[in-house]
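A.B. asks: The sequence and its predicted three-dimensional model are supplied below.
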Amino acid sequence: MTTASTFLNPLSLLVVSALASYQTTHAFQSVQYGRARSKLTALNVLTPRQLQFWEDVDDGLDDVEKFYEAKGQSMERIRTFCQRARGDLPLPEPAAPGHQPSEEHIDGLTAKAFWDVSSNAEFFPWAEKLEENAHIIADEFKQQLLPTKEEADDSALFSGDSAWQSKVMGTGWSAFRLQRLGVWNVENCAKFPKTYDLLKELDIPLAVRGVCFARQTPGSGVAPHTDGRNFILTS
């Protein structure tokens, strides 16, 4: 099950994405305790660098908040997000069976296990054209990553993913990344110029998770899981 959300203004999404990028990079650890229905999450003691990060975030949000207050809008959800991400607030209750909330959660967003693009076309204006042009991506993938009998094994092109991902999503994952944490990999994108051009042309609001070709070893399988964060869609 994958949670997904909508209705964040662009600036708020930028703030949240920056926080998610930082936490992904610096691997915040959490300690879970209590029963399932009253589970609390607390971050381990923050390092001086992490404390400085959150002080900088608070200072930055003060200026952003003044801008939105002048327009009659509130930053309360973003403030609450930061408090939960720091470990000051408990985890939210699951939105549905199988949902595993994390400390990176924004209150009030719409969460679903799956989004039907045909029924929610206004939220995904790029999806139809992406589907229509999926053959471009498939053709480049076959040309670049599927080896012929004469070619050497292509395993060197794929990098193993994190131990956390293998534990949560099933074993044997590896990926060939075109973008990660908002940064395009120039060398890798050069191998897939048509795919890169298509994604840029459609102006897809890519999240911090980025763009990649992912694969698993034979006999592994995708385990039931949720992303945890409720403001990122996996497509």
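C.D. replies: The structure has been received and is ready for your questions.

A.B. asks: Just want the most central residue of the protein.
C.D. replies: Arg209 (4.1 Å; C-alpha atoms, centre = their mean).

A.B. asks: secondary structure element for the closest residue to that one other than its chain neighbours?
C.D. replies: Residue nearest to Arg209 in three dimensions, not counting chain neighbours: Ile232, with 6.1 Å by C-beta to C-beta, 6 or more residues apart in numbering. To be clear about C-beta, it is placed using only N, CA and C from the backbone, and glycine gets the same treatment. Following DSSP states H and E, one finds Ile232 outside all helices and strands.

A.B. asks: quick revisit: could you pull up the residues touching the residue nearest to the centre of the chain?
C.D. replies: Counting by C-beta atoms under 8 Å, 6 or more residues apart in numbering, Arg209 makes contact with Arg180, Ile232, Thr234.

A.B. asks: Give me the below-cutoff pLDDT ranges for this structure.
C.D. replies: 1-44, 146-157, 159-168, 227 (pLDDT under 70).

A.B. asks: Centre of the chain to the longest strand along it, how far?
C.D. replies: Secondary structure of the chain per DSSP state E: the longest strand is strand 174-180. A distance of 13 Å separates the C-alpha centroid of strand 174-180 from that of its chain, computed with C-alpha atoms, centre = their mean, to the nearest Å.

A.B. asks: list the buried ones in that strand?
C.D. replies: Ser174, Ala175, Phe176, Arg177, Leu178, Gln179, Arg180 (16 or more other C-beta atoms under 10 Å).

A.B. asks: Out of those, the closest to His135 would be?
C.D. replies: Lowest distance from His135 to these (C-beta to C-beta) belongs to Leu178, with 17.6 Å.

A.B. asks: Quick check: the gap between the residue nearest to that closest one when sequence neighbours are not counted and Thr234.
C.D. replies: Ranked by C-beta to C-beta, 6+ apart and with sequence neighbours excluded, the top spatial neighbour of Leu178 is Val211, at 4.4 Å. Distance, Val211 to Thr234, using C-beta to C-beta, to the nearest Å: 11 Å.

A.B. asks: ok, those two, which is more surrounded?
C.D. replies: Val211 (22 against 10; other C-beta atoms under 10 Å).

A.B. asks: For that one, give its distance to Arg177.
C.D. replies: 7 Å.

A.B. asks: same question, Pro94
C.D. replies: From Pro94 to Arg177 the distance is 30 Å (C-beta to C-beta).

A.B. asks: Need the buried residues of strand 174-180 in JSON lines (columns: distance to Phe192).
C.D. replies: Listed next are the buried residues of strand 174-180 as JSON lines, based on distance: C-beta to C-beta, whole Å:
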{"residue": "Ser174", "distance to Phe192": "17"}
{"residue": "Ala175", "distance to Phe192": "13"}
{"residue": "Phe176", "distance to Phe192": "9"}
{"residue": "Arg177", "distance to Phe192": "11"}
{"residue": "Leu178", "distance to Phe192": "6"}
{"residue": "Gln179", "distance to Phe192": "11"}
{"residue": "Arg180", "distance to Phe192": "15"}
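
A.B. asks: Go through the residues you listed and name the one nearest Asp58.
C.D. replies: Nearest member of the buried residues of strand 174-180 to Asp58, counting by C-beta to C-beta, is Arg180, at 27.2 Å.

A.B. asks: Verify the contact between that closest one and Leu206 for me.
C.D. replies: No. The pair Arg180 / Leu206 is not scored as a contact, 10.2 Å apart, by C-beta atoms under 8 Å.

A.B. asks: what helices or strands is the biggest helix by length in the chain leaning on?
C.D. replies: Criterion DSSP state H: the longest helix present in the chain is helix 48-70. With contacts taken as 3 or more C-beta pairs under 8 Å, 6 or more residues apart in numbering; DSSP states H and E, helix 48-70 sits against helix 10-26, helix 76-86.
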